[in-house]
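**Student:** Sequence first, then the predicted structure, then my questions.
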Amino acid sequence: MKKLTNFLYFTIALFMLVGCVGNTNEESTTDSSENSSVSIEEDTTETDESTSTSELEESDNDDANDNSTEESVNSDSHSSTSENSDSNVGDKEDKETLSQFSSEQIEYARVWLQLGPNQEIDELNVRHIPAGQPINPNDDTSASYPEDVIQLAGPRLVDGSVTYSGNGDGTINVYNVPLRWDGRYPAGENFYTDIIENTERVYVEPGDDDEIIELIEVLNVRY
């Protein structure tokens, strides 16, 4: 009987010991699992925060680079447009065209460019002579011009002259008269009548625009 009682006590003590060990292992396993879970969650949170921060920094850098590139492109475009605009304005201001001048000025320059004896002149004098004026004012036997004429001449006698009337169709009537009359007078009315009847009809070429403009710029018109 005593042995049976001792066996029962031993058995109960063994069960209690096994139960304690089991609880300890479960608690340890639970604690370990919880700690592992917390560690994983913390690592995941830190990783997510790190990734989010890195993405934000990259996004900010990309935006800054895009803005910088866009500003640079806009600046270059504006600068190029401004330079082209300034260049175009300068060209327009520097470049003179025939449209800036009157048809009379262009005519004077074209006639001299085609018929003027001397092209190297620093002044082109233009004199309007009305109809009825004597061809040679120094000769009492001189005939008179039957129409209004224009006399072009350089500043010197050696530059020569061109006396003509316009026909309004691109042609002119050229009178063969000198800038200064030399000879014996009176020459007689027939002499001057021959000049009037033998005028030469000439078509005036357009000429080079730059050369025309150079002559227009040295015109000295008198009426």
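**Tutor:** Yep, that arrived.
**Student:** Give me the distance between Glu96 and Asp209.
**Tutor:** 9 Å (C-beta to C-beta, to the nearest Å). Glycine gets a C-beta too; all of them are placed from N, C-alpha and C.
**Student:** before we move on, what about Pro130?
**Tutor:** Pro130 is 31 Å from Asp209, by C-beta to C-beta.
**Student:** Equivalent analysis for Asp122, please.
**Tutor:** 20 Å.
**Student:** Look at these two and report which has more neighbours.
**Tutor:** Using other C-beta atoms under 10 Å, the more surrounded residue of Asp122 and Asp209 is Asp209, with 12 against 8.
**Student:** which non-adjacent residue is nearest that one?
**Tutor:** Spatial nearest neighbour of Asp209, chain neighbours left out: Leu98 (5.7 Å); criterion: C-beta to C-beta, 6 or more residues apart in numbering.
**Student:** thought the one you found was touching Ile213?
**Tutor:** Yes - the pair formed by Leu98 and Ile213 meets the contact definition of C-beta atoms under 8 Å, at 7.0 Å.
**Student:** List the buried residues of stretch 142-155.
**Tutor:** Under the neighbour-count criterion of 16 or more other C-beta atoms under 10 Å, stretch 142-155 has Ser142, Ala143, Tyr145, Val149, Ile150, Gln151, Leu152, Ala153, Gly154 buried.
**Student:** secondary structure class for Glu211?
**Tutor:** helix (DSSP: H, G, I helix; E, B strand; the rest coil).
**Student:** Now do the same contact list for the closest residue to it other than its chain neighbours.
**Tutor:** Spatial nearest neighbour of Glu211, chain neighbours left out: Leu113 (5.8 Å); criterion: C-beta to C-beta, 6+ apart. Contact analysis of Leu113 by C-beta atoms under 8 Å, 6 or more residues apart in numbering lists Gln119, Gly207, Asp208, Glu211, Ile212, Leu215.
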